[in-house]
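J.: make a model of this:
(chains A and B)
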Amino acid sequence: MTNRDIAAIFDRIADLLEFQSANPFRVRAYRNGARKIGDLNEPLSATAESDGGLTSIDGIGKDLAEKIATLLKTGSLPMLDDLLADIPATVLAILRVPGLGPKRAAIIHNELGVNSLEELRKACESQQVRDLKGFGTKTEQTILKGIDIAAQADVRTKWAKADVVAQELLKHMQGIAGVRRMQMAGSYRRGRETVGDLDLLIDADDGGAAMTRFGEFPSVKEVIVRGGTKMSVRLDSGLQVDLRVVPERSFGAALQYFTGSKDHNVEIRSRAKQRGMKVNEWGVFKVEGEEETYLAGATEEEIYATLDLPWFPPEIREARREFELAEAGPLPKLIKLEDIRGDLHMHTNASDGKATLEEMAEAAIDRGLEYIAITDHSQRVSMANGLDGKRLLNQWKAVDKLNDQLAEITLLKGIECDILEAGGMDLPDEVLAQADWVIASVHYGQNQPREKITERILGALENPYVDIVAHPTGRLINRRERYEVDIEAVFAAAAKHKKMLELNANPARLDLDDVHCAAAKRHGVPIVISTDAHHTGGLDVMRYGILQARRAGLTANDVANTRTFAKFKKLLGE
DNA sequence: GCCGTTTTCGGCCCGACTGTTTTCAGTCG
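T.: Prediction:
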């Protein structure tokens, strides 16, 4: 039972309890517990053995600790089984319909016996829903529309794709009279690898003109709501975009609030409350009896300052460790794109890349890089025309030659060498020994059991010629789950053998993720952020990796390829 | 269900909008 399994079970319990209209704070306790477990860097089994035990985890009390212990021991939980005996698991899909919350979902289930999205659709179409107490024809229509959205709404939009929409929208909204400031907020601003929707915030006294322009954005499919200060639309792609208009003195408060995360805000507001203040999207207010006095709100900085907190970079506003960090002293200076000096994972047309060696080198020079590693696939990846030892040695001769010609950049002779299904490397040691930079990757046998995959990766880390393991969990966002691997063992082995681990900047990978990167840092393992470019434009994905690294709280010092080449070589132990 | 510099009970963030209501519950973010 992994941490992820247990977190998923707690989330499921929260759903089921919510459906039963249980105490909302009890529901929150389960959701909060699930999130804390998801953020945890060590396996719960290890925490259970440690000094403080499971209750040392913030948000895990006696009860949840016992449930975790039961899950670890038996793999199941009587309480969950009881809940599932009362509620068919399929009704949980009903909860995902926008506009249907736990209360109404429960009414529909109890009164009409609806157990699935399909039955819900039939109930709406036969106009049974409108006669329920608290429902009406409008609600029935909203639910019908929501069913279609729920059916496809499982997939969150990758950040890079949302970024394209965000930039188009900002451009579309330029030059509206009366608009003083404009900024995207939400999980997009926090740089999450995927976003659920987009939030646009506007500083203006009257939102009318902005809302009208907003509604004219070409890909708007429908307007969901439009009030005095708030408007929501759905785009053709299904992505929802929210617009909020606030006056100048509230812009910072609204930006802070709509950037989130939700849990970060809960913490902020709790802290305000303790000090006799109140924080909402309109500002920070001093509360004395019925009297509320505006204290701050025009900028985020003044909001935080009023609470004696530093301005937090949006990427770390997840209520993980940021408040702890703030109390310990100045916040760490998070890594920036400009800190990157090298790119150590890229392909050429020798394997499955599109550009030549020379073109990749030129493109890297254009982007101001000081060193790159050429790392085509090894022979096992036949589909990608992977290189055998002979072809590889020939490519390295070409690299040597090009290195002599190019003064601006240093090329490393590298290889992305497969870790074979049976274990061991895809190329002999005598070849790998001649490389400047050896990446080890799992591409095949991703469905093997956890022990086997872990053993393969640990074997690669023990190989003296391997420098780094690339995309260590193999996940592809929205497409493929990570393979089963004891990632803690990987961190420990990397630390022991003084190897590095990759944060692959490709927006579909971003693997290691933020939580893993933070764990790797704790183990003292250097992270390398790489583009894995397969064409010259692929070198531009570095910025997505930077966002992920910032979310992990990494500084330039934590990332090996921010070093000058000389210092990087020292890190390599050469 | 969790938690404690107003500690073991009584809190737990806050507001906009909609639809179905005659003053508010439900949902969402």
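J.: how is chain A divided into domains?
T.: Following automatic domain parsing, chain A resolves into domains at A:3-152, A:157-246, A:251-328, A:337-571.
J.: for DNA strand B, give me its nearest residue in chain A.
T.: A:Gly136 (1.7 Å; Cβ to the nearest atom of the strand). In this view, the C-beta of every residue, glycine as well, is placed from N, C-alpha and C.
J.: out of the domains of chain A, which is the most enclosed?
T.: Highest mean neighbour count of the domains of chain A: domain A:337-571, a mean of 20 (counted as mean count of other Cβ atoms under 10 Å).
J.: what about that one, start to end distance?
T.: 21 Å (Cα to Cα, to the nearest Å).
J.: on that earlier part again, tabulate the domains of chain A (JSON lines), appending mean pLDDT.
T.: Below are the domains of chain A laid out as JSON lines (pLDDT from 0 to 100):
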{"stretch": "domain A:3-152", "mean pLDDT": "87"}
{"stretch": "domain A:157-246", "mean pLDDT": "93"}
{"stretch": "domain A:251-328", "mean pLDDT": "91"}
{"stretch": "domain A:337-571", "mean pLDDT": "95"}
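J.: ok so, going back, which non-adjacent residue is nearest the residue of chain A closest to DNA strand B?
T.: A:Arg130 (5.8 Å; Cβ to Cβ, 6 or more residues apart in numbering).
J.: in the stretch 51-200 of chain A, mark out all the helices, start to finish.
T.: For the stretch 51-200 of chain A, helices defined by DSSP state H, counting those that start in this stretch occupy the ranges A:62-74, A:78-86, A:92-95, A:102-112, A:117-125, A:137-152, A:159-172, A:186-189.
J.: contact residues of the stretch 1-150 of chain A facing DNA strand B?
T.: A:23, A:25-26, A:28-30, A:33, A:55, A:58-65, A:97-105, A:130, A:133-140, A:142 (Cβ under 7 Å from any atom of the strand).
J.: ok, 6 Å please
T.: A:23, A:25-26, A:29, A:58-64, A:98-105, A:133-139 (Cβ under 6 Å from any atom of the strand).
J.: with the stretch 251-400 of chain A instead?
T.: Near DNA strand B, when you scan the stretch 251-400 of chain A using Cβ under 6 Å from any atom of the strand, you find A:Lys262, A:Asn265, A:Val266, A:Arg269, A:Ser270, A:Lys273, A:Gln274, A:Lys278, A:Asn280.
J.: change it to 10 Å
T.: Neighbours of DNA strand B within the stretch 251-400 of chain A, by Cβ under 10 Å from any atom of the strand: A:254, A:257-258, A:260, A:262-263, A:265-283, A:285, A:287, A:292.
J.: ends of stretch A:354-372, what's the gap?
T.: Its first and final residues considered, stretch A:354-372 spans 17 Å by Cα to Cα.
J.: show me the contact partners of that stretch.
T.: A:340-344, A:346, A:348-350, A:353, A:374, A:395, A:398-399, A:402, A:406, A:408-412, A:533-537, A:539-540, A:564-565, A:568 (Cβ atoms under 8 Å, 6 or more residues apart in numbering).
J.: quick one: A:Lys286 is in a strand?
T.: Yes - under DSSP: H, G, I helix; E, B strand; the rest coil, A:Lys286 falls within a strand.
J.: please see if stretch A:226-237 touches DNA strand B.
T.: Yes - using Cβ under 10 Å from any atom of the strand, stretch A:226-237 reaches DNA strand B at A:Arg226, A:Gly227, A:Gly228, A:Thr229, A:Lys230, A:Met231, A:Ser232.
J.: partner residues bridging A:Lys278?
T.: Using DSSP bridges, the bridge partners assigned to A:Lys278 are A:Phe285.
J.: show me the contacts for it.
T.: A:Arg269, A:Ala272, A:Val284, A:Phe285, A:Val287, A:Glu292.
J.: next one: A:Ser261
T.: A:Ser187, A:Arg190, A:Arg317, A:Glu318, A:Ala319.
J.: give me the contacts around the helix or strand hosting A:Phe323.
T.: Secondary structure from DSSP states H and E places A:Phe323 in helix A:322-328. The contact list for helix A:322-328, computed with Cβ under 8 Å, 6+ apart, reads A:His264, A:Glu267, A:Leu309, A:Pro310, A:Phe312, A:Ile316, A:Leu331, A:Pro332, A:Gly553.
J.: helix or strand right after that helix?
T.: Downstream of helix A:322-328 (by DSSP H and E), the next one is strand A:342-343.
J.: just checking, what packs against that next one?
T.: strand A:371-374 (3 or more Cβ pairs under 8 Å, 6 or more residues apart in numbering; DSSP states H and E).
J.: let's see it at 10 Å
T.: Counting contacts by 3 or more Cβ pairs under 10 Å, 6 or more residues apart in numbering; DSSP states H and E, strand A:342-343 is packed against helix A:357-366, strand A:371-374, strand A:527-530.
J.: which of these sits closest to A:Leu16?
T.: Proximity to A:Leu16 (Cβ to Cβ) singles out strand A:527-530 among those, at 38.5 Å.
J.: gap between the helix holding A:Phe323 and the chain center?
T.: Here the centre of helix A:322-328 is set off from its chain's centre by 22 Å, with Cα atoms, centre = their mean, to the nearest Å.
J.: now do the same contact list for A:Pro24.
T.: Contacts of A:Pro24 were listed using Cβ atoms under 10 Å, 6 or more residues apart in numbering, and they are A:Leu17, A:Glu18, A:Pro102.
J.: 7 Å instead, please
T.: Listed by Cβ atoms under 7 Å, 6 or more residues apart in numbering, the contact set of A:Pro24 is empty.
J.: same check, this time on A:Gly524
T.: If you count contacts by Cβ under 7 Å, 6+ apart, A:Gly524 has them with A:Ala495.
J.: make sure it is indeed in a strand.
T.: No - using three-state DSSP, the assignment for A:Gly524 is coil, not a strand.
J.: any idea how far A:Thr259 is from it?
T.: Look at A:Gly524 and A:Thr259: by Cβ to Cβ, to the nearest Å, they are 32 Å apart.
J.: related to what we said a few turns ago, and the residues of stretch A:226-237 next to DNA strand B as CSV, adding secondary structure?
T.: Formatted as CSV, the residues of stretch A:226-237 next to DNA strand B follow (three-state DSSP):
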residue, secondary structure
A:Arg226, strand
A:Gly227, coil
A:Gly228, coil
A:Thr229, coil
A:Lys230, strand
A:Met231, strand
A:Ser232, strand
